[in-house]
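Colleague: Got a sequence here, can you build the structure:
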Amino acid sequence: MTLTALLTLAGLQALIAISPGPAAVLTIKTAASEGVRAGLAISLGLAIAIVIWASAALAGLSLIFEVAPFLQTTLRFIGAAFLIWIAISMWRHAPDPMPEAKTGPETSLSRLVRLGIYTDLANPKALAYFTAVFTGLLPIDPTLRDAALILVTVFTVEFIWYATVSAVFSRDTPRRAYGAAKSWLDRVFGGILALLGIRIALP
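Modeller: Numbers count the residues shown, from 1 in each chain. Just a heads-up that it's a prediction; the model follows:
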């Protein structure tokens, strides 16, 4: 894979990461309410999920969907249900007080990593991108070296972007602003995720 092709892939991956979606909503909400460590855990999970999507694309995911289109429909509904579940959870816990900025030992960072993974695996934007656009950027017959470079690239781009988002929104000023309006902001974030979930479920 040429350097130009790899840079093109990195640039497109950055644009996809930057565009608003469930991952951005979850990262902002987590970093602002629970601090930078929690936000970084979410960021790591999101990056791991992107590697899973990219690996599936390298393995021929789009061809599998062509042969068995019901699998894509099934994944779409599972993703919709997961986003709606997160939305309901946000609404239920909207009135809860905001935790301290520094997460204590009781906070399960591994749980947040898993939440990040599940969120990006359920992300319709990722499903569409990796089954259509991403596959068109791949070499016709990628070598193991090509595959490794591609996976490292998408992981790095995804993690750096959401780690940056976490660092910004975990600072004192954004946290205070979030804390002052947590109840309705969580409902807004939950509403956005619910609408995204409903939109995914619709044909």
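
Colleague: Ile52 and Tyr118 touch, don't they?
Modeller: No. In this structure, Ile52 is not within contact of Tyr118 by CB atoms under 8 Å, at 10.8 Å. Quick note: C-beta positions are derived from backbone N, CA and C, even for glycine.

Colleague: Same drill for those two, tell me which one is more crowded.
Modeller: The neighbour count for Ile52 versus Tyr118, taken as other CB atoms under 10 Å, is higher for Tyr118 (18 against 15).

Colleague: contacting residues for that one?
Modeller: Taking CB atoms under 8 Å, 6 or more residues apart in numbering as the criterion, Tyr118 is in contact with Gly45, Ala49, Phe82.

Colleague: now with 7 Å?
Modeller: Contacts here follow CB atoms under 7 Å, 6 or more residues apart in numbering; on that basis Tyr118 touches Phe82.

Colleague: again, but for Asp172
Modeller: With contact set as CB under 7 Å, 6+ apart, Asp172 has no partners.

Colleague: separation between it and Ala41?
Modeller: 20 Å (CB to CB, to the nearest Å).

Colleague: ok, now Gly197?
Modeller: Between Gly197 and Ala41 the distance, using CB to CB, works out to 23 Å.

Colleague: try Pro69
Modeller: Between Pro69 and Ala41 the distance is 35 Å, computed by CB to CB.

Colleague: got it, and Ile150?
Modeller: As defined by CB to CB, Ile150 lies at a distance of 24 Å from Ala41.

Colleague: cool, Ile52 as well?
Modeller: Applying CB to CB, one obtains 17 Å for the distance of Ile52 from Ala41.

Colleague: Pro69 and Ala41 - which one has more neighbours?
Modeller: With other CB under 10 Å as the criterion, Pro69 and Ala41 differ in neighbour count, and Ala41 comes out ahead with 24 against 10.

Colleague: Give me the contact list for the helix or strand containing that one.
Modeller: Assigned by DSSP states H and E, Ala41 falls within helix 36-58. Contacts to helix 36-58, defined as CB under 7 Å, 6+ apart, come from residues 23, 26-27, 30-31, 103, 107, 109, 112-117, 119-121, 126, 130, 134-135, 138, 142, 147, 150-151, 154-155, 158-159, 162-163, 166-167, 169-170.

Colleague: out of those, which are buried?
Modeller: 23, 26-27, 30-31, 103, 107, 109, 112-113, 115-117, 119-121, 126, 130, 134, 138, 147, 150-151, 154-155, 158-159, 162-163, 166, 169-170 (16 or more other CB atoms under 10 Å).

Colleague: Let me know the pLDDT of Ala49.
Modeller: According to the per-residue confidence, Ala49 scores 96 in pLDDT.

Colleague: make that Leu83, sorry
Modeller: For Leu83, the pLDDT comes out at 73.

Colleague: just Pro20 next, same as before
Modeller: Reading off the confidence values, Pro20 has pLDDT 72.

Colleague: Quick check: the gap between it and Thr74.
Modeller: With distances defined as CB to CB, the gap from Pro20 to Thr74 amounts to 26 Å.

Colleague: now swap in Phe82 and tell me
Modeller: 13 Å.

Colleague: Neighbour count for these two, which is higher?
Modeller: Between Phe82 and Thr74, Phe82 has the larger neighbour count (other CB under 10 Å), namely 19 against 11.
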